[in-house]
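Engineer: task: produce atomic coordinates for the following.
(one chain, ligands or ions: 1)
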Amino acid sequence: MTEIYVSDPIHPYVLAEIKAAATVHLGFGPDKVNYLNVSKNVDAVILRAENFTKDVIEASPQLKIIARHGVGTNNVDIDAATDQGIWVTTTPGANSNAVAEHVFALLLAGARKVPTATHRVRAGNWSEGKGDLIGFELSGRTMGIIGFGAIGRRVAAIARGFGMTVLACDPIAKAEDVAAAGARLVSLDELITEADAISIHVPLLPSTRHMIGVQELARMKKSAFIINTSRGGLVDEAALADALNKELIAGAAFDVLEAESIDMKDPLPHTPFPHSTTPGLLLTAHIAGQTEEAFLEAGTVAWAEVQRVLAGEAPSHPVNQPNLRPAHA
Ligand code: NAD
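Structural biologist: Residues are numbered from 1 along each chain as shown. Purely as a prediction, here's the structure:
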């Protein structure tokens, strides 16, 4: 019987389907196994966070596919997989809408001061100081989207629904495609100076690291609200803390922090934002892509890729072109 290793929790519907079709080894929960104890007979892996290094891959003689549940592949040695004739696949777009909706969860929470308002009510203060909680509306304001890919385009569609004017900057986007999505393609400089809300949706690359720094923050409107649900490191956090403390901009909301790579459990002490004291800053802990729907979609797509490859077909979302060996034919 086919043997499948599932590294971390996936949607229970999908797990039930896999269990009905194969022998399943789980890398989590009470029945957790160590992958290396079962690796000899495993045909397919559905992978979330675990590291699939060269050693692990080389201990997997039957393995035909590592199906990532998500898009990043930095936890897989792609070259080792390719050499060994193993497909590596991803689930692109599975959480694009989830991230885009989280942008608006953060933006509206900031615009209407929801965290402060909740805190006051819970502290027994229903009506005092209500004047401090006057918010702003999205309708009629300008949304600036940096990176007009899968998530950026979805943010544009939602922003239009709120009655916002949408500006976008992206080096590969065509003005006519951006216009067809209801937005206007502009330079980063124009976007930064004109937008009321700025949302970042670019990958973290050497060229995009700290793309928002002291100079960019200084050119934003005093009323600007900046949102980063993309990757820590795109915004210079020391410059952001300074801009918020000096009230150069109105607020910021981050789902990702540069210090996540230093301490996944509590990155905040490694940032320029001391616990809870930076004004106008909302934080969530890398949950933008985490919805029931996105989880189901990612699991369904990863499992479909496994089924395709085990049936001898090519997957739909490969990130490599494996050297297929006779042993895997
Ligand atoms: P995508 O590849 O579809 O789009 C990225 C876009 O950024 C591309 O169109 C690219 O041309 C553009 N870009 C690159 N460099 C740029 C620059 N200097 N200026 C402007 N645009 C630039 O990616 P996506 O699926 O939209 O994802 C965007 C980001 O969101 C990724 O970094 C991803 O890691 C992150 N993400 C975060 C979460 C989360 O849970 N917080 C979940 C999913 C994705």
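
Engineer: Gly152 sits in which helix or strand?
Structural biologist: For Gly152, the enclosing helix or strand under DSSP states H and E is helix 150-161.

Engineer: just the CA trace of the helix or strand following that helix, in CSV.
Structural biologist: Using DSSP H and E, the helix or strand that directly follows helix 150-161 along the chain is strand 165-169. Only the C-alpha atoms of strand 165-169 are listed here, as CSV (Å, rounded to 0.1, in the frame of the first residue of the first chain):
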residue,chain,number,x,y,z
THR,A,165,-9.0,54.9,-5.2
VAL,A,166,-6.3,52.3,-5.8
LEU,A,167,-2.7,53.0,-6.8
ALA,A,168,-0.2,50.2,-7.5
CYS,A,169,3.5,49.9,-8.2
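
Engineer: what's the helix or strand following strand 165-169 in contact with?
Structural biologist: Sequence-wise, the next helix or strand downstream of strand 165-169 (DSSP H and E) is helix 175-180. The contact list for helix 175-180, computed with Cβ atoms under 8 Å, 6 or more residues apart in numbering, reads Phe148, Ala168, Asp170, Arg184, Leu185. Yep, even glycine has a C-beta here, placed from its N, CA and C like the rest.

Engineer: hmm, the second one is touching Leu191, no?
Structural biologist: Yes. Look at Ala168 against Leu191 with Cβ atoms under 8 Å: they come within range, at 7.4 Å.

Engineer: the more surrounded of these two?
Structural biologist: More neighbours surround Ala168 than the other of Ala168 and Leu191, with 28 against 22 (other Cβ atoms under 10 Å).

Engineer: where do the strands of the stretch 51-200 of the chain begin and end?
Structural biologist: In the stretch 51-200 of the chain, the segments counted as strands under DSSP state E, counting those that start in this stretch are 65-68, 87-89, 142-146, 165-169, 184-185, 197-200.

Engineer: the last one packs against which elements?
Structural biologist: Which is strand 197-200. Applying 3 or more Cβ pairs under 8 Å, 6 or more residues apart in numbering; DSSP states H and E, we find strand 197-200 packed against helix 96-111, strand 142-146, helix 150-161, strand 225-228.

Engineer: same question, the third one
Structural biologist: For strand 142-146, the contact count by 3+ Cβ pairs under 8 Å, 6+ apart identifies helix 150-161, strand 165-169, helix 188-194, strand 197-200 as packing neighbours.

Engineer: what about 10 Å?
Structural biologist: Judged by 3 or more Cβ pairs under 10 Å, 6 or more residues apart in numbering; DSSP states H and E, the packing partners of strand 142-146 are helix 96-111, helix 150-161, strand 165-169, helix 188-194, strand 197-200, strand 225-228.

Engineer: check the fifth one too.
Structural biologist: Contact analysis of strand 184-185 by 3+ Cβ pairs under 10 Å, 6+ apart lists strand 165-169, helix 175-180, helix 188-194 as its packing neighbours.

Engineer: now do stretch 80-97: distance from first to last residue.
Structural biologist: Terminal residues of stretch 80-97 lie 33 Å apart, using Cα to Cα, to the nearest Å.

Engineer: once you drop chain neighbours, what's closest to the residue of the chain found nearest the ligand?
Structural biologist: Proximity of the chain to the ligand (Cβ to the nearest ligand atom) peaks at Gly149, 1.7 Å away. Among residues not flanking Gly149 along the chain, His201 sits closest, at 6.2 Å (Cβ to Cβ, 6 or more residues apart in numbering).

Engineer: could I get the helices and strands packed on strand 142-146 as CSV with distance to Leu47?
Structural biologist: Conversion of the helices and strands packed on strand 142-146 to CSV gives the following (distance: least, Cβ to Cβ, whole Å):
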stretch, distance to Leu47
helix 96-111, 20
helix 150-161, 21
strand 165-169, 33
helix 188-194, 35
strand 197-200, 27
strand 225-228, 26
